[in-house]
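Trainee: Provided below for reference: sequence and predicted model.
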Amino acid sequence: MKIIMETERLIIREILPEDLEGFFEMDSNPKVHIYLGNNPLTNIEQSQKMIEKVRQRYVDDGISRWTMIEKATGDFIGWTGFTKMEETINNRTGYHDLGYRLVEKHWGKGYATESAIASLDYGFTKLNLENIYAVAAIGNTASINVLEKSGLKKGEIVEAWGHDHYWFQLSKKDWMKL
Ligand SMILES: CC(C)(COP(=O)(O)OP(=O)(O)OC[C@H]1O[C@@H](n2cnc3c(N)ncnc32)[C@H](O)[C@@H]1OP(=O)(O)O)[C@@H](O)C(=O)NCCC(=O)NCCS
């Protein structure tokens, strides 16, 4: 098992097959998917396929989302970190997108922000990225707050997956001034 990094309260590691139950609990919850196209998963095999896809992307892209584990309990919290964006958004593709998704019972504890701040540090210092990008649906206040609290700058409204999203961006130069 590869541990990517630790924060005060989280272990951030590669996604493993043993995360299956946690992923399905998270992604079968309609509330988790309100701003993600309202299409929650209905079958645990969909989570299994997603885990396999992410693990293949570690091999093909050298990067993909990571699992967050709560240090105090060992609980699966959700995923965080980067993916190389497959879709074209705001005329860009293949860029490093920062994202996160949490099991509902762990919302509101600051975990998404804690993981986003750690991911930015990893992206700029370990991956040597010049820019990190993110999108959040325009009504997704929680996610917008996470990105702004982590230092990303809110930009224009762009279309992604058929809905309006805010485009977020942070350069390494601006990150170093935070
Ligand atoms: C969005 C999400 C990741 C936020 O995770 P979280 O760990 O609860 O976020 P944090 O606790 O770090 O909260 C960040 C800020 O947003 C605020 N916030 C959290 N939920 C909120 C809500 N529903 N409405 C308004 N503000 C909210 C928090 O108060 C906090 O600000 P504060 O520190 O000034 O109080 C989580 O709600 C989630 O998994 N949602 C479903 C999936 C999703 O939408 N992912 C993002 C896609 S872009």
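Mentor: Noted; the coordinates are in hand.
Trainee: Name the nearest residue to residue 32, ignoring sequence neighbours.
Mentor: residue 26 (5.7 Å; Cβ to Cβ, 6 or more residues apart in numbering). (Glycine included, C-beta is placed from N, CA and C.)
Trainee: ok, now which ones touch residue 20?
Mentor: 44, 47-48, 51 (Cβ atoms under 8 Å, 6 or more residues apart in numbering).
Trainee: now swap in residue 93 and tell me
Mentor: If you count contacts by Cβ under 8 Å, 6+ apart, then residue 93 has 85-87 around it.
Trainee: how near is it to the ligand?
Mentor: Per Cβ to the nearest ligand atom, to the nearest Å, residue 93 is found 18 Å from the ligand.
Trainee: State the pLDDT value of that residue.
Mentor: Residue 93 carries a pLDDT score of 97 in this model.
Trainee: From residue 133, how far out is it?
Mentor: Applying Cβ to Cβ, to the nearest Å, one obtains 11 Å for the distance of residue 93 from residue 133.
Trainee: residue contacts, residue 170?
Mentor: Going by Cβ under 8 Å, 6+ apart, the list of residues near residue 170 reads 120, 131-132, 151-153.
Trainee: rewinding a little: adding distance to residue 101, secondary structure and pLDDT, write the contacts of residue 20 out as JSON lines.
Mentor: As requested, those are arranged in JSON lines below (distance: Cβ to Cβ, whole Å; DSSP: H, G, I helix; E, B strand; the rest coil; pLDDT from 0 to 100):
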{"residue": "44", "distance to residue 101": "17", "secondary structure": "helix", "pLDDT": "98"}
{"residue": "47", "distance to residue 101": "12", "secondary structure": "helix", "pLDDT": "98"}
{"residue": "48", "distance to residue 101": "17", "secondary structure": "helix", "pLDDT": "98"}
{"residue": "51", "distance to residue 101": "13", "secondary structure": "helix", "pLDDT": "98"}
